[in-house]
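1. Predicted model, plus sequence, below.
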Amino acid sequence: MTDTNELIRLSAAQLAEKLRAGEVTSVEVTQAFLDRIAAVDGGERGVNAFLHVNTEEALAVAAEVDAIRAAGGAAAEELNELAGVPIAVKDLIVTIGQPTTAGSKILEGWHSPYDATVVKRLRAAKMPILGKTNLDEFAMGSSTEHSAYGPTRNPWDLDRIPGGSGGGSAAAVAAFEAPLALGTDTGGSIRQPGAVTGTVGVKPTYGSVSRYGAIAMASSLDQIGPVSRTVLDSALLHHVIGGHDPFDSTSLPDPLDDLVAAARVGNVEGLRVGIIKELHGEGFQAGVENRFNDSLELLKEAGAEIVEVSCPNFQYALGAYYLIMPSEASSNLAKFDGVRYGLRVLPEDGPMTIERVMGATRAAGFGDEVKRRIILGTYALSAGYYDAYYGSAQKVRTLVQRDFDAAFTVADVLISPTAPTTAFKLGEKLNDPLAMYLNDIATIPANLAGVPGLTLPGGLADEDGLPVGIQLLAPARQDARLYRVGAVLESLLEAKWGGPLLAQAPELAPSIETQEAK
Amino acid sequence: MAAINRDDVAHLAQLAHIEMNAEELDRMAGELAVIVDSVKSVSEAAGDDVPRTSHPIPLTNVFREDVVGHTFTAEQALSGAPDSDENRFKVPAILDEA
């Protein structure tokens, strides 16, 4: 048996290999992660990545996998490649047997009567679900500070944000509390947390992974995707959760490409990599820009051709996003009204009508950011403003798509920093919504156009020693290219660093003790 | 385009069924004015000739076979309800007759 401290640092692919070889059991692996969660997640200075820990069920699934493996035969051979490898699930995705809160008071204590399609697929693959991860309320935010259950802390520096909205999933993976996690990405909620925690995250092509059972924020932008520590691990997880689902009418009918094979191709020779002129330089932290340039250099040395592309309409992307997203959210969140599920709050005085109950319920159940976006969306959709706001934003969406189309005629993949800065301090941007929104400047265009994007760690910024993310973008349905280029860049960077970036992250448990001693 | 003011926010909050007190209305009006101002440029970005995109990868005629499948039982459907009675969701008065 491997030392548990080593075990939790292995990639999902390595764990799968050890499980298959019989060197370790799934119960041992799952218990090691549960122990890690118990050690670093709770308390005053804990990471707070998990809102719920699913100990009993996770261990039962692990034991089932171990029993199948021990018995051998056809059943053992038919096990999924990731069978027995545990995973954490963002608490925006519904699960039978565990609460789903969406990070909101309005769903506190609620249990879904059904599983999301991606959760069904995790269960079919016999992957133990470790628990549900923290997020900005209804996935609205870039710092996880808008969670009604307290912020998640960045494992690199516990006084800093882990990104958002999927800060819980990214921090869980970065803190070795889980080898894999599921996230959702509407404007960067998988990729931006990946960037600031030194982890990998992928927003697949819109429709590549079923959204059935992901509590909708903006239906035409939302996408579920993998969160991991290596590019290959994300490919393995994407393979498990991806593919057509009749329960999601926007699910693409096309079969998935062999993403795992793409992550194992191992070369980028002759590939055209496009730098997006508008997505680096001004507005990007110097250390971010430096690490971005390092990656370009490495890709060039590996035989890729670096070209520059211009996407002039990206300047309108953030504005269009902050009209389309709240518009769709205001409609999607109308269902939280205290009638069919969740919180019901009665007005303190006056007539007891359903309308007044809804008003009191939503006032008490939603946090500030959710209210802001609902009001903004209601405004953008209201008579007299619809054409100027929502309609114009939809036209910008067309322009952003055209920019991508033009860029992909001269480049096979595009590259940019994932986020303009490294992780900022908790509280720093909490009272400045606009400053918070700017975190997603580089990730939003992909959601507007439906194209896939991947972030991988690109090193540490010189000025603060915090992780920088490198974003790769590919044309719709060409997710395989992201895994191919991402895996090559990852191996070149790790060769330079002498190991994974997360090996340079501070030790977590001792640092908590130190803090407590102060 | 007109700036968003406190009366607008009060009206929108009513439409969206969110009760707001005076302090909240003031704060929200200030924050939303800044946000609305920052997205203004969007309305000048595209001309009349640019078609709208409502969906990133449009699919048409998404049908499935009309077969009887799993549906929730009344018990499952009501499992999260704040109040229920005789297999139905129970709510306060729908009409203002109190």
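-> Arrived safely. Numbering: from 1, shown residues only, chains lettered A, B, ... in the order given.

2. quick one: A:R211 and A:S249 touch, right?
-> No: between A:R211 and A:S249 there is no contact under CB atoms under 8 Å: 9.8 Å. The way it works is simple: take the backbone N, C-alpha and C, and place the C-beta from them, glycine included.

3. so which residue of chain B comes closest to chain A?
-> Closest contact between chain B and chain A, by CB to the nearest CB, is at B:P56 (2.5 Å).

4. Compare A:R211 and A:S249 and say which is more crowded by neighbours.
-> A:R211 (24 against 13; other CB atoms under 10 Å in any protein chain shown).

5. now stretch A:357-377: mean pLDDT?
-> Confidence for stretch A:357-377, expressed as mean pLDDT, is 97.

6. is any part of that stretch close to chain B?
-> Yes: for stretch A:357-377 and chain B, the contact criterion (CB under 8 Å from any CB of the partner chain) is met by A:357-360, A:362-363, A:366, A:371-372, A:374-376.

7. Now tabulate the residues you listed in CSV and tack on secondary structure, distance to A:G274 and neighbour count.
-> Formatted as CSV, these follow (DSSP: H, G, I helix; E, B strand; the rest coil; distance: CB to CB, whole Å; neighbours: other CB atoms under 10 Å in any protein chain shown):
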residue, secondary structure, distance to A:G274, neighbour count
A:V357, helix, 53, 22
A:M358, helix, 49, 24
A:G359, helix, 50, 22
A:A360, helix, 52, 21
A:R362, helix, 44, 25
A:A363, helix, 47, 18
A:F366, coil, 41, 25
A:K371, helix, 40, 20
A:R372, helix, 35, 19
A:I374, helix, 37, 28
A:I375, helix, 38, 27
A:L376, helix, 33, 28
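
8. Now render the residues you listed as TSV, adding distance to A:R9.
-> Shown next, in TSV, are the residues of stretch A:357-377 next to chain B (distance: CB to CB, whole Å):
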residue	distance to A:R9
A:V357	51
A:M358	49
A:G359	50
A:A360	49
A:R362	44
A:A363	45
A:F366	39
A:K371	41
A:R372	40
A:I374	42
A:I375	45
A:L376	43
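
9. Which one of the residues you listed is nearest to A:A71?
-> Distance ranking of the residues of stretch A:357-377 next to chain B against A:A71, using CB to CB, places A:F366 first at 50.1 Å.

10. okay, now residue 78: neighbour count?
-> Unless you meant another one, I'm taking chain A. Neighbour tally, A:E78, other CB under 10 Å: 9.

11. Switch to chain B, please.
-> Applying other CB under 10 Å, we find 19 residues neighbouring B:L78.

12. Give me the number of neighbouring residues for the closest residue to it other than its chain neighbours.
-> In space, and not counting its chain neighbours, B:L78 is closest to B:S84: 4.6 Å by CB to CB, 6 or more residues apart in numbering or on different chains. Per other CB under 10 Å, the neighbour tally for B:S84 reads 17.

13. is the biggest helix by length in chain B up against chain A anywhere?
-> Secondary structure of chain B per DSSP state H: the longest helix is helix B:22-39. Yes: contact of helix B:22-39 with chain A (CB under 8 Å from any CB) involves B:24, B:28, B:31-32, B:34-36, B:38-39.
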